[in-house]
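A.B. asks: Just the structure for this:
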Amino acid sequence: MLPKTAPPPPQTARCSLGTPQQHITIPTLIYSYLEYSRNEYILATMDIKKTIYSDQYKTIIQNLKEARLKQRLTQKDVAKHFGVGQSFISKIESGQSRLDILQLQEFAKLYKKTLTSFLKEK
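C.D. replies: Okay, the predicted model is just below:
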């Protein structure tokens, strides 16, 4: 579980690789000793709105569901095609699970649509 307020960034040290212009930053604080991973720390300190709740994402999901219905497919049919449970498809269409671009591409192939067709507002 992440703390309510993110801790200060870890101290870093520089290490030269090859030339003086090339360097890498090495955390001197080991994240494995913390209650969260390095990625969780980065996400907790970033001020980015979760896109799953954006209007653009809702449009994609709505268009995805409409494309499935136009193909006269049930969630169960789609789930069988992808080798997953029906609840997986349901969670994507209801916005409970995040859909990545590669998954969207697979849906586009199945529904005979282009990726951009899911981005258009109707």
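A.B. asks: hey, where'd the helices end up in the chain?
C.D. replies: Applying DSSP state H to the chain gives helices spanning 38-45, 55-70, 75-82, 86-94, 101-111.
A.B. asks: Please produce CSV containing these, extended by mean neighbour count and mean pLDDT.
C.D. replies: No exception for glycine: its C-beta is placed from N, CA and C like everyone else's. Converted to CSV, these look like this (neighbours: other Cβ atoms under 10 Å; pLDDT from 0 to 100):
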stretch, mean neighbour count, mean pLDDT
helix 38-45, 14, 62
helix 55-70, 15, 92
helix 75-82, 15, 95
helix 86-94, 16, 93
helix 101-111, 14, 93
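A.B. asks: can those go into a markdown table with extra columns for distance to S117?
C.D. replies: Shown next, in a markdown table, are these (distance: least, Cβ to Cβ, whole Å):
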| stretch | distance to S117 |
| --- | --- |
| helix 38-45 | 30 |
| helix 55-70 | 7 |
| helix 75-82 | 17 |
| helix 86-94 | 16 |
| helix 101-111 | 7 |
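A.B. asks: OK, contacts around S97?
C.D. replies: F88, K91 (Cβ atoms under 8 Å, 6 or more residues apart in numbering).
A.B. asks: Swap in 10 Å and give it another go.
C.D. replies: I52, S87, F88, I89, S90, K91, Q103 (Cβ atoms under 10 Å, 6 or more residues apart in numbering).
A.B. asks: just to revisit the earlier point, the helices of the chain: which one's closest to F118?
C.D. replies: Nearest to F118, of all the helices of the chain, is helix 55-70, at 4.5 Å by Cβ to Cβ.
A.B. asks: any idea how far T59 is from the residue lying closest to F88 once chain neighbours are set aside?
C.D. replies: With Cβ to Cβ, 6 or more residues apart in numbering as the criterion, F88 has its nearest non-adjacent residue at 6.2 Å, and that residue is A79. For A79, the distance to T59 (Cβ to Cβ, to the nearest Å) stands at 23 Å.
A.B. asks: one step back: so which of the helices of the chain gets nearest E121?
C.D. replies: The closest of the helices of the chain to E121 is helix 55-70. By Cβ to Cβ, the value is 5.3 Å.
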